[in-house]
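1. my questions concern the predicted model and sequence given below.
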Amino acid sequence: ALILAIETSCDDTSAAVVNTDYQVLSNVVSSQEKTHSQYGGIVPELASRMHYEAIDTITHRALEQAQVKLDDIDAVAVTSCPGLVGSLLVGVNFAKGLAWSAGKPLIAVHHIEGHLLAPLIEHRLNFPFLSCVISGGHTSIYRANGFGDYQQLSRTIDDAAGEAFDKVSKMMGFSYPGGPVIDKLAQQGEVGIKFTTPRIKNNPMDFSFSGIKTAVLTYLRNHPDVNFADVAASFQETVAKYIVYRAAELCRQNGVSLLAFSGGVSANSALRRIASQLQTQGITTCFSSLPYCTDNAAMIGIAAIYRYKKADFAQHLNINASASTAL
Ligand code: ATP
Ligand code: FE
């Protein structure tokens, strides 16, 4: 069966066609990055307007690239939460209209479940596995026991990892999104500046990124002549080790030896290098290629497959967009 998936939760307009054998037939992403980078971050009103302008074209391009017609599609899947409500609404309303007019069932997908299951696009993963979702808005580790059965083991109590990358980039005067900028800059720098990451008293497995962000800011103020590349390399190394070592610790605690990473920050080269060293500890790690790390509709289609198989459809196309809900 074929699923047409739509994702507009943040600043990427995306549509994809996947089949229920976990194959991606097309995955079209239109990024608004250039527009928002002029403002140093996402402007919600602009985001929803740009989604509105792009959604129809992007969807038709996805069908075209998959060489299928709307008639051939068996269900429409759409991200319903969490995200910017104005952005989500564009995708949700478009998907409703499309499903209604074509007489197709509609499936609501949680964006974070999309990220969590994205590794299934390229890898065969057996449950249980631990999944580290590190994105612009989330830094969470789940124990995935089966489809729809996710137990949160760790989360951030303040900023998300991607947010920390974005803020540190901004402090040095670079553009949004900051992750790719820091990653590239770090290649030319030396890891040497000491930044520390906290272990939170009552929740030792949770993350906190606000301290390291302030530490970088203070360091930059006190060392106006510092080489930015060294700051980038040191910051990135610290964050990567913080996440990877914490995830490894949770693998041991849970007796799980398979660890998947997803979300935009999982594109980070230092994080990938450090994670690859876990193999010697008997932990197998799994990463997606870059287009499936950041937001994309293919992962939404993939996360819709088990619901399709259970015929878990939205009744009367009755789904709502919402800003925040736990997975
Ligand atoms: P959420 O999924 O939590 O709602 P989001 O969808 O905005 O947030 P993603 O698209 O998954 O997040 O990821 C975007 C984030 O990933 C940005 O913060 C960006 O800076 C970061 N990022 C992208 N590439 C890299 C990289 N190479 N290194 C570190 N961070 C990166
Ligand atoms: Fe995302």
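-> Received the coordinates, thanks. Everything numeric in this text was worked out from a predicted model, so none of it was measured. Ligands and ions are numbered 1, 2, ... in the order given.
2. could you use CA atoms for every contact and neighbour count after this?
-> Fine.
3. ok, residues contacting stretch 92-112?
-> The list of residues contacting stretch 92-112 from outside it, by C-alpha atoms under 8 Å, 6 or more residues apart in numbering, reads 6, 9, 55, 70-71, 73-83, 133, 300, 303-304, 307-308, 312-314, 317, 319-321, 327.
4. near ligand 1, list only the ones from those.
-> By C-alpha under 6 Å from any ligand atom, the members of these lying near ligand 1 are residue 83.
5. mind giving me the ChimeraX select for the contacts of stretch 92-112, buried ones only?
-> The ChimeraX command for the buried members of these (criterion: 16 or more other C-alpha atoms under 10 Å) is given here:
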select :6,9,55,70,73,74,75,76,77,78,79,80,81,82,83,133,300,303,304,307,308,313,317,319,321
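6. list the ones among the contacts of stretch 92-112 that fall in strands.
-> 6, 75-81, 133 (DSSP state E).
7. for the residues you listed, which two are the farthest from each other?
-> 75 and 133 (26.4 Å; C-alpha to C-alpha).
8. helices along the stretch 1-150 of the chain, start to end?
-> Remark: helices of the stretch 1-150 of the chain, listed N- to C-terminal, are 33-37, 44-65, 85-102, 111-117; assignment by DSSP state H, counting those that start in this stretch.
9. would you agree residue 153 falls within a strand?
-> Yes: assigned with DSSP: H, G, I helix; E, B strand; the rest coil, residue 153 falls within a strand.
10. what sits against the residue nearest to residue 305 when sequence neighbours are not counted?
-> If the residues on either side of it in the chain are set aside, residue 305 comes closest to residue 20, at 5.7 Å by C-alpha to C-alpha, 6 or more residues apart in numbering. With contacts defined as C-alpha under 8 Å, 6+ apart, residue 20 is in contact with 1-3, 302, 305.
11. 10 Å instead, please
-> When the contact criterion is C-alpha atoms under 10 Å, 6 or more residues apart in numbering, the partners of residue 20 are 1-3, 301-302, 304-306, 308-309.
12. next: residue 283.
-> For residue 283, the residues meeting the contact criterion (C-alpha under 10 Å, 6+ apart) are 248, 251-252, 256-259, 275-277.
13. what about these, which are in strands?
-> Of these, the ones assigned to strands by DSSP E are 258-259.
14. in JSON lines: the contacts of residue 283, plus neighbour count.
-> Shown next, in JSON lines, are these (neighbours: other C-alpha atoms under 10 Å):
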{"residue": "248", "neighbour count": "22"}
{"residue": "251", "neighbour count": "19"}
{"residue": "252", "neighbour count": "13"}
{"residue": "256", "neighbour count": "18"}
{"residue": "257", "neighbour count": "19"}
{"residue": "258", "neighbour count": "20"}
{"residue": "259", "neighbour count": "26"}
{"residue": "275", "neighbour count": "25"}
{"residue": "276", "neighbour count": "16"}
{"residue": "277", "neighbour count": "14"}
